[in-house]
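need a structure here:
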Amino acid sequence: KAYFLLINLFSILLIQVWNSTTDAMIKEDYEWIQNIVRRLLLVIVLVFVISLVLALFFNQITVLWIGESYDMSILLRMLFVIYAVIHCVNAIFVNVLNGLGRLKVQTLIYIFCAIFNVVLSYFLITYFHVGIIGVVCSKSICLLITLFFCYRDYSLFIKSKKI
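Next up is the predicted model:
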């Protein structure tokens with residue numbers, strides 16, 4: 001929940017991006033769209049640092065937060081750092097693409113990744129016996145796939161506008 005709190009706070013930052021991107025597209029202000037993406041990618045550095053601090057001091061933070069220590073392996077904590085960063089970067093491009101009305105690629109890739117996530121999680125848990133680590137790895141891999149396609153779609157759009 002601690003890592004999802006960070007993701008949710010980043011999502012609050014993104015609330016206006018979708019609408020603002022639509023407004024910028026209507027005004028053909030593609031430079032604004034590029035600038036907001038760059039700024040948000042800089043915020044990802046802060047997300048990474050906060051999630052890394054959270055991973056390194058997780059036991060102390062949980063004692064302060066819930067009053068008792070929760071033992072989580074360093075591997076799992078680092079996987080959550082990776083997941084949180086990928087999730088937030090992906091959210092930037094998803095919100096911008098939604099604002100641009102570019103939903104086809106997202107829809108197809110998310111349907112594929114939803115199915116692939118279940119299959120990959122099952123495979124990792126059943127054959128490698130890694131438990132929750134397999135689930136986090138599977139989710140991260142699927143988010144990387146969606147990030148690749150969303151970034152590619154965004155890049156193609158920006159290049160088509162010859163900015």
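
show me the contact partners of the helix or strand of the chain with the lowest mean pLDDT.
When each helix and strand of the chain is scored by mean pLDDT, DSSP states H and E, helix 58-66 comes last, with a mean of 84. With contact meaning C-beta atoms under 8 Å, 6 or more residues apart in numbering, helix 58-66 is reached by 2, 54, 68-72, 77. C-betas here are computed from N, CA, C, even on glycine.

next SSE after it?
Sequence order places helix 74-100 as the next helix or strand after helix 58-66, per DSSP states H and E.

tell me how far the helix or strand following that following helix lies from the chain's centre.
For helix 74-100, the succeeding helix or strand toward the C-terminus, using DSSP H and E, is helix 104-128. Here the centre of helix 104-128 is set off from its chain's centre by 16 Å, with C-alpha atoms, centre = their mean, to the nearest Å.

what is helix 104-128 packed up against?
Counting contacts by 3 or more C-beta pairs under 8 Å, 6 or more residues apart in numbering; DSSP states H and E, helix 104-128 is packed against helix 74-100, helix 132-160.

ok, the contacts of helix 58-66 vs Trp18, which is closest?
Proximity of these to Trp18 (C-beta to C-beta) peaks at Ala2, which lies at 26.3 Å.

so who does the most centrally placed residue in the chain touch?
When C-alpha atoms, centre = their mean is applied to the chain, the residue found nearest the centroid is His87 (1.1 Å). His87 is in contact with 7, 143, counting by C-beta under 8 Å, 6+ apart.

and it, how far from Ile33?
21 Å (C-beta to C-beta, to the nearest Å).

report the angle between the axes of the least confident helix or strand of the chain and helix 74-100?
70 degrees (axes from the mean of the first three to the mean of the last three C-alpha atoms, to 10 degrees).

related to what we said a few turns ago, among the contacts of helix 58-66, name the buried ones.
Buried subset of the contacts of helix 58-66 (neighbour count, 16 or more other C-beta atoms under 10 Å): 2, 54, 77.

the last one contacts Ala55, doesn't it?
Yes. Distance between Arg77 and Ala55: 3.9 Å, which falls inside the contact criterion (C-beta atoms under 8 Å).

residue ranges with poor pLDDT in the protein?
Counting by pLDDT under 70, the chain contains low-confidence ranges at 163.
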